[in-house]
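J.: This is a predicted model, with the sequence first.
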Amino acid sequence: MAGGQERILRRRIRSVQSTKKITRAMELIAASQIVRAQARIAAARPYQASMARLVLEAAAGDPVAAGRLLGAPERVERVAVLSIVADRGLCGGYNAFVLRATERLLADGRAQGVEHRLFTVGKKAQGYFRFRRQPVERSFTGMSERPNFTDAREVAAAVLGPFVEGEVDQVLLVSTRFLSAGSQRVEVRQLLPLEDPRRPDGDAAPVDDAEAPARLGYTEFEPDAAVLLETLAPRAAETAIFGALLEASASELTARQRAMAAATDNAEELIKKYSRIMNRARQDAITTEIMEIVGGAEALRAGAAGDESGLVIEVGS
Amino acid sequence: MAEENEFAVSVVTPERILLEGAAAEVVLRTAEGDSTYLAGHSDLVGAVEPGVLRVSGSSLDGGELRIALHGGFVQVESSPPVPPVVEGEEAALLSRGRVTVLAGVAELASEIDVDRARAALERAEARTTGLESERRGAAGEAEEPAGSELAEARAALRRAQVRLEAAGTADHA
């Protein structure tokens, strides 16, 4: 009977051990990919910076045209929302945080009579919103771990189209910012109209502040600034989407690495715990066995010889 | 190394910096035709049409570099800010101006797979002519909706042409 318990425990330890191997492997894979994902974020920076400079120039060239395309929208009645999560789970709260923030945004919108059109990236968003019967206009999958610019362009075309056509007043983005390897944060950001680079207090102004104002007003535009800005704005927003996809993928991998490291630790703990219980069970079984042998032998000897002298029984190992 | 008439040039795509260095001349296509930028050009911001971007400079292999550019933007700065860490040669280059070309998609001529581009060209040609005749057969002179199948086919055709032109084996222009 006691042997049965031991066997069950041994089987469970083996199963936890193989789970641990899997989580360890996933942890290592995620860790190795984080480095690459971070390099890709860094590689995308020069383009983003140059794009911001162009927008700044063009906006200064035609402040009137800049009105609709930059800064806060005049009215917010119809809004397109892009929510970026992962295709896969096993990454802790990564998906849930973004999805919950999206849900909150939509609920707030409903309360204020704002009409939302939802776009998503990532398989996890598909399932989440289908279960909640929240209609999704378009969802994209298969790019969350390693997004390239072609993916970003495809997403951008769908999400930004309604703004360009004048069907929505604002385009919002819900995604995870990769602040550093140790810190990621879910953020709701406005994609279009673009963030106004002329406002000095804007937090994302990658333009060296000293140079900009001095040179404004001498720049030629081809075509003129208003037309240029019209084509530039969606491209700049597209760049922002690409950046967001890259940061989301790095965040996803970091979250996965962390979750899998925790799972590996847990598995180790479980193995230790089960081993202890198993060892005790085995020890108990051995003790019981010895007692049985002792008892049996004693009974035998007593019965056979009727000897009254003391017993000496050797117990083999 | 850099000559007196050379200035700083960079070609940047979202995924990497394609080219960064010195050039004496940059030629690219705008809506009004080919534009050439030399040292000391005045400040400019413009849209770039799909076409071949030519950069010539003494430090480039063979004196000239061709890049297939599938649309983008160009910024010319006559006196770009010189970061304090930059000195000597590089600072001198910057003092003669900087041309920054931004492109969503761009390929160095040396990286273009000519056979693939040619196959793509043939496919796109077949599709375009097919769709065009279909249209002529069906409706009249309705305005071409952007993003339609035909517009897409034409864009694909243009991309393949630009690639082949950049690779230097173009029989179509």
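T.: Nice, I can see it.

J.: hey, let's count contacts and neighbours off CA atoms from now on
T.: OK.

J.: how about low-confidence regions in the stretch 201-317 of chain A?
T.: By pLDDT under 70, the weakly predicted segments of the stretch 201-317 of chain A are A:201-217, A:305-317.

J.: And the helices in it?
T.: Along the stretch 201-317 of chain A, counting by DSSP state H, counting those that start in this stretch, helices occupy A:212-215, A:225-305.

J.: Figure out which of the ones you listed is closest to chain B.
T.: helix A:225-305 (6.9 Å; CA to the nearest CA).

J.: What parts of chain B come near chain A?
T.: B:12-17, B:31, B:42-47, B:75, B:81, B:100, B:102, B:104 (CA under 8 Å from any CA of the partner chain).

J.: can we see that at 6 Å?
T.: B:Val12, B:Thr13, B:Pro14, B:Glu15, B:Arg16, B:Asp43, B:Leu44, B:Val45, B:Gly46 (CA under 6 Å from any CA of the partner chain).

J.: got TSV for those residues, with secondary structure and neighbour count too?
T.: Formatted as TSV, the residues of chain B next to chain A follow (DSSP: H, G, I helix; E, B strand; the rest coil; neighbours: other CA atoms under 10 Å in any protein chain shown):
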residue	secondary structure	neighbour count
B:Val12	strand	27
B:Thr13	coil	24
B:Pro14	coil	25
B:Glu15	coil	19
B:Arg16	coil	15
B:Asp43	coil	22
B:Leu44	strand	19
B:Val45	strand	26
B:Gly46	strand	24
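
J.: Of those residues, which pair is most distant in space?
T.: Distance extremes for the residues of chain B next to chain A: the farthest pair is B:Glu15 and B:Asp43 at 26.1 Å, using CA to CA.

J.: Spatially central residue for chain B, please.
T.: Nearest to the geometric centre of chain B sits B:Leu69, at 3.0 Å (CA atoms, centre = their mean).

J.: Where does B:Ser42 sit: helix, strand or coil?
T.: Three-state call for B:Ser42 (DSSP: H, G, I helix; E, B strand; the rest coil): coil.

J.: how close does the residue nearest to it when sequence neighbours are not counted sit to A:Arg53?
T.: Setting aside the residues directly before and after it, B:Ser42 is nearest to B:Ser78 in space (CA to CA, 6 or more residues apart in numbering or on different chains), at 5.3 Å. From B:Ser78 across to A:Arg53, the span is 14 Å (CA to CA, to the nearest Å).

J.: Please apply the same query to B:Ser110.
T.: 30 Å.

J.: what does A:Leu270 give?
T.: 55 Å.

J.: higher neighbour count, the two?
T.: A:Arg53 (19 against 16; other CA atoms under 10 Å in any protein chain shown).

J.: Can you check the pLDDT for the more buried one?
T.: In this model, A:Arg53 is scored at 88, pLDDT.

J.: Show me what secondary structure element comes after the longest helix along chain B.
T.: Secondary structure of chain B per DSSP state H: the longest helix is helix B:114-138. Remark: after helix B:114-138, the chain's next helix or strand is helix B:149-167, criterion DSSP states H and E.

J.: Any buried residues in that next one, and which?
T.: Neighbour counts over helix B:149-167 (16 or more other CA atoms under 10 Å in any protein chain shown) mark B:150, B:153-167 as buried.

J.: Name the residues that touch it?
T.: B:Gly51, B:Val52, B:Arg66, B:Ile67, B:Ala68, B:Ala109, B:Ala117, B:Leu121, B:Ala124, B:Thr128, B:Ala170 (CA atoms under 6 Å, 6 or more residues apart in numbering or on different chains).

J.: And for stretch A:81-98?
T.: Under CA under 6 Å, 6+ apart, the answer for stretch A:81-98 is A:118-124, A:144, A:171-175, A:255-256, A:259.

J.: which of those residues has the most neighbours?
T.: Most neighbours among the contacts of stretch A:81-98, by other CA under 10 Å: A:Ser175, with 29 neighbours.

J.: Please pull up the helix or strand immediately following the host helix or strand of that one.
T.: Following DSSP H and E, one finds A:Ser175 within strand A:170-180. Using DSSP H and E, the helix or strand that follows strand A:170-180 in sequence is strand A:183-192.

J.: Please find the angle between the direction vectors of that next one and strand A:170-180.
T.: Inter-element angle recorded for strand A:183-192 and strand A:170-180: 160 degrees (by axes from the mean of the first three to the mean of the last three CA atoms, to 10 degrees).

J.: follow-up on the earlier one: and the longest helix of chain B, which residues are buried?
T.: Within helix B:114-138, judged by 16+ other CA under 10 Å, the buried ones are B:Val114, B:Ala117, B:Arg118, B:Ala120, B:Leu121, B:Ala124, B:Glu125, B:Arg127, B:Thr128, B:Leu131.

J.: I'd like the mean pLDDT over it, please.
T.: 83.

J.: ditto for stretch A:87-102
T.: Mean predicted confidence for stretch A:87-102 is 93.

J.: Can you give me the buried ones in it?
T.: A:Asp87, A:Leu90, A:Cys91, A:Gly92, A:Tyr94, A:Asn95, A:Ala96, A:Phe97, A:Val98, A:Leu99, A:Ala101, A:Thr102.

J.: Then stretch B:60-76?
T.: Quick answer for stretch B:60-76 (16+ other CA under 10 Å): B:64-76.

J.: Same question for stretch A:278-287.
T.: Per 16+ other CA under 10 Å, stretch A:278-287 contains these buried residues: A:Met278, A:Ala281, A:Arg282, A:Ala285.

J.: Let's have these in a markdown table, adding distance to chain B.
T.: Below are the buried residues of stretch A:278-287 laid out as a markdown table (distance: CA to the nearest CA, whole Å):
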| residue | distance to chain B |
| --- | --- |
| A:Met278 | 55 |
| A:Ala281 | 60 |
| A:Arg282 | 60 |
| A:Ala285 | 65 |
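
J.: farthest pair in those residues?
T.: So, the buried residues of stretch A:278-287 by CA to CA: farthest apart are A:Met278 and A:Ala285, at 10.4 Å.

J.: For A:Asp62, what are phi and psi?
T.: phi -150, psi 80 (degrees, to the nearest 10).

J.: give the contact list for it.
T.: A:Ala225, A:Ala226.

J.: With respect to chain B, which of the contacts of stretch A:81-98 is nearest?
T.: Nearest to chain B among these, with distances taken as CA to the nearest CA, is A:Ser144, at 16.1 Å.

J.: Name the nearest residue to B:Val55, sequence neighbours excluded.
T.: Using CA to CA, 6+ apart, the closest residue to B:Val55 is B:Val26 (4.6 Å).

J.: From B:Ile67, how far off is the one you found?
T.: 11 Å.

J.: And for A:Leu300?
T.: 99 Å.

J.: same thing with A:Leu270?
T.: A:Leu270 is 59 Å from B:Ile67, by CA to CA.

J.: repeat for B:Ser79
T.: 25 Å.

J.: Ok, B:Arg154 next?
T.: 20 Å.

J.: Likewise for B:Arg158?
T.: 15 Å.

J.: picking up where we left off before, please list the members of the buried residues of stretch A:87-102 that lie in strands.
T.: With strands defined by DSSP state E, no entry of these lies inside them.

J.: In JSON lines: the residues you listed, plus distance to B:Leu93.
T.: Listed next are the buried residues of stretch A:87-102 as JSON lines, based on distance: CA to CA, whole Å:
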{"residue": "A:Asp87", "distance to B:Leu93": "46"}
{"residue": "A:Leu90", "distance to B:Leu93": "51"}
{"residue": "A:Cys91", "distance to B:Leu93": "48"}
{"residue": "A:Gly92", "distance to B:Leu93": "50"}
{"residue": "A:Tyr94", "distance to B:Leu93": "46"}
{"residue": "A:Asn95", "distance to B:Leu93": "48"}
{"residue": "A:Ala96", "distance to B:Leu93": "50"}
{"residue": "A:Phe97", "distance to B:Leu93": "48"}
{"residue": "A:Val98", "distance to B:Leu93": "46"}
{"residue": "A:Leu99", "distance to B:Leu93": "49"}
{"residue": "A:Ala101", "distance to B:Leu93": "48"}
{"residue": "A:Thr102", "distance to B:Leu93": "48"}
